[in-house]
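J.: Sequence first, then the predicted structure, then my questions.
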Amino acid sequence: MNLLDTILNVQNGDVVRQIANRFQLDEGQARSAIGALMPALGKGIGSNAASPQGLDELVGALTRGDHGRYIDDPAAAVQPAAVEDGNGILGHIFGSKDVSRQVASRAAERSGVDSSILKSMLPVLASLAMGAMAKRGFSTGTAAQATTDEGGGLGGLLTGFLDADKDGSILDDVIGMAGRFMR
């Protein structure tokens, strides 16, 4: 299951309902917004993890943080603590608020949801993405051994989440994720 599908299916869709309620959207709009934002988050996480330092930072965040709580309790994902965590995550993934604004603007074009709502939603989704990776990593035991792409590790975990067609490349899958929500 890729990262987008994992987020959409958290607690049988409860996270979508929580996000819809928090941002005053209907569930269809929330799904569209999530679908428009997740490819950029996934690409940012993957790019960040491509360098040894970025991978070390990501592993550290996954092992030290309690991000899995956002998956266990979707209501926690829309609380101020999750937004604060998410803003920190976005700082590592995108590096600047300008990039987050650009991501929200492009996602608004694809989803039809206002960019100011999407900009506010980004930290929530960043926290959920980290939660999904933490839960997946710890449940499969890969986060603890994540030091390289060889033999699985976090690189393999990221590829597993983002490479839906299992062709070894996540680029086509990230584009495909975005395409599903542009129709």
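T.: Perfect, thanks for sending it. Numbering: from 1, shown residues only.

J.: tell me what the helix or strand hosting Ala126 is packed against?
T.: Per DSSP states H and E: Ala126 is located in helix 115-140. Packing contacts for helix 115-140, counted by 3 or more Cβ pairs under 8 Å, 6 or more residues apart in numbering; DSSP states H and E, involve helix 3-8, helix 14-22, helix 27-49, helix 52-64, helix 69-72, helix 80-94, helix 97-111, helix 153-162. No exception for glycine: its C-beta is placed from N, CA and C like everyone else's.

J.: can those helices go into a markdown table with extra columns for distance to Pro123 and mean pLDDT?
T.: Compiled in a markdown table, these are given as follows (distance: least, Cβ to Cβ, whole Å; pLDDT from 0 to 100):
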| stretch | distance to Pro123 | mean pLDDT |
| --- | --- | --- |
| helix 3-8 | 14 | 84 |
| helix 14-22 | 12 | 95 |
| helix 27-49 | 10 | 92 |
| helix 52-64 | 14 | 81 |
| helix 69-72 | 11 | 92 |
| helix 80-94 | 3 | 92 |
| helix 97-111 | 9 | 94 |
| helix 153-162 | 19 | 50 |
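
J.: any chance of those helices in JSON lines, with distance to Leu128 and mean neighbour count too?
T.: As requested, the helices and strands packed on helix 115-140 are arranged in JSON lines below (distance: least, Cβ to Cβ, whole Å; neighbours: other Cβ atoms under 10 Å):
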{"stretch": "helix 3-8", "distance to Leu128": "5", "mean neighbour count": "22"}
{"stretch": "helix 14-22", "distance to Leu128": "6", "mean neighbour count": "20"}
{"stretch": "helix 27-49", "distance to Leu128": "9", "mean neighbour count": "22"}
{"stretch": "helix 52-64", "distance to Leu128": "13", "mean neighbour count": "15"}
{"stretch": "helix 69-72", "distance to Leu128": "5", "mean neighbour count": "22"}
{"stretch": "helix 80-94", "distance to Leu128": "8", "mean neighbour count": "19"}
{"stretch": "helix 97-111", "distance to Leu128": "15", "mean neighbour count": "18"}
{"stretch": "helix 153-162", "distance to Leu128": "12", "mean neighbour count": "22"}
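
J.: Columns distance to Leu122 on top of the ones you listed, output as a markdown table?
T.: Shown next, in a markdown table, are these (distance: least, Cβ to Cβ, whole Å):
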| stretch | distance to Leu122 |
| --- | --- |
| helix 3-8 | 13 |
| helix 14-22 | 11 |
| helix 27-49 | 6 |
| helix 52-64 | 17 |
| helix 69-72 | 14 |
| helix 80-94 | 6 |
| helix 97-111 | 6 |
| helix 153-162 | 18 |
